[in-house]
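Asks: I would like the atomic coordinates for the input below:
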Amino acid sequence: MRKVSLLLIMGIALFACKPDAIEDILSQEDYHRIADEGGTLIQDAMAKAVNDGILIEPATLCTQVATLEGVTSAKIASSGDNIIVYLDDGRCVNFLLVYDSEDDDTLNEETAQELSQDDIIITKSLSQEYNTPKGDKKALILAPMKKETDWFLVTFGPLVSRLEEAGYDVDKHYNEKATIDRFRGDFLSQYDVVIIQAHGGGVETIGTKKNLTGILTGTEYNLEHLKKIPKKEREGLSLGAVTNMFGKVKGFNYVVTSDWIRTTTTKQFKDSWIFVVSCATTKRNDMYSTFFSLGAGAYSGFSCSVLQAVTGRFMKETTYSLLQGKSLLDATTEVRLNNPLMADPFQWLDLPEEERRFDAKQKNEDIPFFLVVPEGYQRIPSVITKSIETSTQNSASISCGVTFEGAAKVTTRGVCWSTSQTPTIANSKTKNGTGLGTYTSNITGLSPNTTYYVRAYATNSEGTAYGGQRNFTTTAEQTIPTVITGSITNISTTTATCSGDVTADGGSSVTARGVCWSTSQNPTTANSKTTNGTGLGTYTSNITGLSPNTTYYVRAYATNSEGTAYGEQRSFKTNQGAVGDTFTDSRDGNVYKTVTIGNQTWMAQNLAYLPSVVGPGTGSYTTPYYYVYGYNGTNVSTAKATDHYNTYGVLYNWPAALTACPAGWHLPSDAEWTQLENYLADNGHNYDGTTDGGRSKIAKSLASASGWNSYSGTGAVGNTDYPAYRNKSSFTALPGGSRDGYGTFGD
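Replies: The predicted structure is shown next:
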């Protein structure tokens, strides 16, 4: 009985067409469906041809494949060992025809007998010259199927050069020289880097019938040789056959499996990096879990069938990245991102995270693959101390950069410093991330006026490197400034002038200076203040918004980064409110006293403008009317002759009040009343001298000292208590009375 199974190596590549010929790109599901359906169709046809001993008509096979949904046409490649299937979206699928097979009747009982290790027959190819293993820092390339395509011309040549430039001795075994014995674990374990380019995938072993991952070797199978292979080794082998374009098997080569690798390994690997390019080498975990269990540091391959040209490019570019010290996952990710055609369905390590049997070192991406570093290769990083960016009395900022990571990833970087030369990480140090690139370190906790020496450092698993040494001196210890309060001049009812002089800045720039004042002693910048520039020297401050006839305390101040300093306290008293100032109404010649309170000027008398007059019984919401308290008539001259007119002025209804003000004057708004209230309360016009009380204590300072009824409450306007505060503002408000809605005067 003969048993044949077909290994189909499928790859997607852009066919030679213009970009605008590709319109609707097939989905990932379509690609996998075409691969599965085409593989089944071709496998059935090829198996039938082999079992029946007949030839396959290429045109018939291609016609059958062309009937698949999404397929435009198909043809046998000129090499005769693969079918090119053209897809509707302009791409193509390649089915590489590789067989593995074994005859159940091939081995007789003599073959099945147990053979000892001493009976191993070395194959013919082993007698040929080859590079002798040289110990550490070695790389191995096995390419038993190199002659099938010519992509190796642009892959192995540059790859070998890069490895040699990195310090590796490279052993190369191509075609038949990549014998089965080159795949023995003990042979592979001598190398730090092992690169295998072959066919492979799922196979069934000869002896145990296990389904494992297999890798095709360059040794051609023959029965006499197989008989002399020890049973234990034979159980880990399979056979692979390559057909010609007509489906005719040309011959069989040995296929080694993960069991073969385990059986032929007596010495552990030395953290070697294994790269197997043979399709589907990571689809099952038996191959890479085997290498890891034997001590390999990293393993990579493909999880699906791919074009050999693509695998060669992947292998070359990934190796280049790894030679630069990048981790396996970093390197493969970078290559995939930089090569869009290598994305799905070229599924690079396309396995769930839990099935990626990388050990902890690889998952953490914290070491490069070459744990045995080539001779002459720089192991520790390169780091530079660029410049001292800033320094103060107790801190400094240092610009640095890691320019090369060395033989392993930089896990810590920063600066170290000391008051002695050549500081190390045993001294004070910062930590500023990992890896390559520039960074800034901020040093704190320094002493003023002290010279420090500083160096950048970078640490990997091989050691710590230091940058060139720099030094800096911190600034002297800083204090608050020194400031003098000058003389107070130009005192008026609401303003004054005070000078100041900053004689020392305390070692830090003066950012604000001026004077502050209050009706209480020892004012600070939390009270009223001026701001008069920065730095050292004299200045003059204009104090405004004061209350008449009020004592104020003032101090010069100066602020730097350490705090605020004050000069000695001085005091002064503002002049009496300007009640003697007058204003003449051009309409009737009336002269009014005025008073300035804060930044506002008010009339100190009630308005007496009287163009007409009516009695209290006449009223309107729209027509302006004028009244004199106690007068019930319409004669203006008579009304003006009354005592009430001369004392209290005129009462106005709302329409009259809106137009009664003389030019340049207006009725105060609510906001202006509030401004007056706030000024009085904040500047010592509360009857008890406080600056709080919710504005309820200022009435006494606004009211005339006479004319008001007394009241039992403390501080009432008619009371004689707190005499210093009676009409303190000189506002001189009088109780002028009112006209009510019933047409009578009152109050």
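
Asks: I'd like to know how far the residue in the chain sticking out farthest from the centre sits from Asn590.
Replies: Ranked by distance from the centre of the chain (CA atoms, centre = their mean), the top residue is Thr638, with 87.0 Å. Relative to Asn590, Thr638 is positioned 17 Å away (CB to CB, to the nearest Å). Bear in mind the C-beta positions are built from the backbone N, C-alpha and C, glycine included.

Asks: give me the low-pLDDT residue ranges for the stretch 1-150 of the chain?
Replies: 1-25, 28, 31-32, 43, 46-47, 49-58, 77-82, 91-136, 146-150 (pLDDT under 70).

Asks: Could I get the CA-only coordinates of stretch 201-208 as CSV?
Replies: Provided in CSV are the C-alpha atoms of stretch 201-208 (Å, rounded to 0.1, in the frame of the first residue of the first chain):
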residue,chain,number,x,y,z
GLY,A,201,5.3,22.0,6.9
GLY,A,202,3.1,19.4,8.5
VAL,A,203,4.4,15.8,7.9
GLU,A,204,3.9,12.3,9.3
THR,A,205,6.9,10.5,10.7
ILE,A,206,8.1,7.2,9.3
GLY,A,207,8.3,5.3,12.6
THR,A,208,5.7,6.7,15.0
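
Asks: Buried residues of it, list them for me.
Replies: 201-207 (16 or more other CB atoms under 10 Å).

Asks: Spatially nearest residue to Gly507 (excluding sequence neighbours)?
Replies: Gln478 (3.8 Å; CB to CB, 6 or more residues apart in numbering).

Asks: quick one: contacts for the one you found?
Replies: Neighbouring residues of Gln478 by CB atoms under 8 Å, 6 or more residues apart in numbering: 393, 448, 506-508, 560-562.

Asks: repeat that for 10 Å
Replies: Neighbouring residues of Gln478 by CB atoms under 10 Å, 6 or more residues apart in numbering: 392-394, 448, 505-509, 560-563.

Asks: Can you tell me which of those comes closest to Met603?
Replies: Comparing the contacts of Gln478 against Met603 with CB to CB places Gly563 closest, at 46.8 Å.

Asks: And that closest one, how close does it get to Ser399?
Replies: 31 Å.

Asks: Same question for Thr444.
Replies: Taking CB to CB, one finds Thr444 at 16 Å from Ser399.

Asks: circling back: surely the residue farthest from the centre of the chain is in contact with Gly630?
Replies: No - counting by CB atoms under 10 Å, Thr638 stays clear of Gly630, with 11.7 Å between them.

Asks: Mutual contacts of these two, please.
Replies: With CB under 10 Å, 6+ apart, Thr638 and Gly630 have common neighbours Tyr645.

Asks: in the stretch 401-550 of the chain, which spans are strands?
Replies: Using DSSP state E, counting those that start in this stretch, the strands of the stretch 401-550 of the chain run over residues 412-418, 428-429, 437-444, 451-460, 463-466, 470-473, 482-489, 496-504, 512-518, 528-529, 537-543.

Asks: those strands in the stretch 151-300 of the chain, which residues are they?
Replies: Going by DSSP E, counting those that start in this stretch, the stretch 151-300 of the chain shows strands at 169-174, 193-197, 200-204, 211-220, 237-243, 249-257, 273-277, 298-300.

Asks: Over to the stretch 551-700 of the chain?
Replies: Using DSSP E, counting those that start in this stretch, strands in the stretch 551-700 of the chain cover 551-560, 563-566, 570-573, 582-584, 591-597, 600-603, 626-627, 651-652.

Asks: So Thr559 sits against Asn532, correct?
Replies: No - taking CB under 10 Å as the definition, Thr559 is not a contact partner of Asn532, at 11.7 Å.

Asks: what's the overlap in contacts for those two?
Replies: 502, 512-514.

Asks: Phe404: neighbour count?
Replies: Here the number of neighbours of Phe404 (other CB atoms under 10 Å) works out to 15.

Asks: Identify the residues contacting the residue nearest in space to the middle of the chain.
Replies: Residue closest to the average C-alpha location in the chain (CA atoms, centre = their mean): Gly433, at 13.4 Å. Neighbouring residues of Gly433 by CB under 10 Å, 6+ apart: 402, 410-414, 439.

Asks: Now for these: which two are most distant?
Replies: Every pair of the contacts of Gly433 checked by CB to CB; the farthest is Thr411 and Tyr439, at 14.0 Å.

Asks: Now do the shared contacts for the two.
Replies: Joint contacts of Thr411 and Tyr439 (CB under 10 Å, 6+ apart) are 433, 458.

Asks: So the two - more neighbours on which side?
Replies: Ranked by neighbour count (other CB under 10 Å), Thr411 and Tyr439 place Tyr439 first, with 21 against 16.

Asks: Please tell me how far the residue lying closest to that one once chain neighbours are set aside sits from Gly468.
Replies: Distances taken as CB to CB, 6+ apart put Asn432 closest to Tyr439, at 4.5 Å, once the chain neighbours are dropped. Taking CB to CB as the measure, Asn432 and Gly468 are separated by 17 Å.

Asks: Same question for Thr530.
Replies: Thr530 is 51 Å from Gly468, by CB to CB.

Asks: who's more crowded, these two?
Replies: Thr530 (20 against 10).

Asks: check contacts around the more buried one.
Replies: 498, 500, 513-517, 539-544, 554, 556-557.

Asks: One more pass at 8 Å, please.
Replies: When contacts are counted by CB under 8 Å, 6+ apart, Thr530 touches 514-516, 541-543.

Asks: which two of those residues lie the greatest distance from each other?
Replies: Cys516 and Asn542, at 13.5 Å, using CB to CB across the contacts of Thr530.

Asks: more crowded one of those two?
Replies: Cys516 (23 against 12).

Asks: What separation do you get for that one and Thr473?
Replies: 36 Å.

Asks: What of Ile195?
Replies: According to CB to CB, Ile195 stands 56 Å off from Thr473.

Asks: These two: which is more packed in?
Replies: Set side by side, Ile195 and Thr473 show more neighbours around Ile195, with 26 against 12, by other CB under 10 Å.

Asks: That one and Ile141 touch, don't they?
Replies: Yes - between Ile195 and Ile141 there is a contact at 4.9 Å, judged by CB atoms under 8 Å.

Asks: Show me whatever sits in contact with both of these two.
Replies: Common neighbours of Ile195 and Ile141, counting by CB under 8 Å, 6+ apart, are Leu159.

Asks: per-residue confidence for Ser499?
Replies: At Ser499, the pLDDT value in this model is 94.

Asks: ok, it - contacts?
Replies: Counted by CB under 8 Å, 6+ apart, Ser499 has contacts 486-487, 538-541, 556.

Asks: repeat that with 6 Å
Replies: 486, 540 (CB atoms under 6 Å, 6 or more residues apart in numbering).

Asks: what's across from it in the sheet?
Replies: Thr540 (DSSP bridges).

Asks: Distance check, it against Thr524.
Replies: From Ser499 to Thr524 the distance is 19 Å (CB to CB).

Asks: And for Ser612?
Replies: 57 Å.

Asks: How about Lys593?
Replies: Counting by CB to CB - Lys593 and Thr524 are separated by 37 Å.

Asks: What of Asp88?
Replies: 84 Å.

Asks: Compare neighbour counts for those two and give me the winner.
Replies: Asp88 (16 against 12).

Asks: still on that earlier bit, turn the strands of the stretch 151-300 of the chain into JSON lines, including mean pLDDT and distance to Ile229.
Replies: Listed next are the strands of the stretch 151-300 of the chain as JSON lines, based on pLDDT from 0 to 100; distance: least, CB to CB, whole Å:
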{"stretch": "strand 169-174", "mean pLDDT": "87", "distance to Ile229": "20"}
{"stretch": "strand 193-197", "mean pLDDT": "87", "distance to Ile229": "21"}
{"stretch": "strand 200-204", "mean pLDDT": "77", "distance to Ile229": "17"}
{"stretch": "strand 211-220", "mean pLDDT": "86", "distance to Ile229": "11"}
{"stretch": "strand 237-243", "mean pLDDT": "74", "distance to Ile229": "7"}
{"stretch": "strand 249-257", "mean pLDDT": "80", "distance to Ile229": "9"}
{"stretch": "strand 273-277", "mean pLDDT": "81", "distance to Ile229": "22"}
{"stretch": "strand 298-300", "mean pLDDT": "70", "distance to Ile229": "26"}
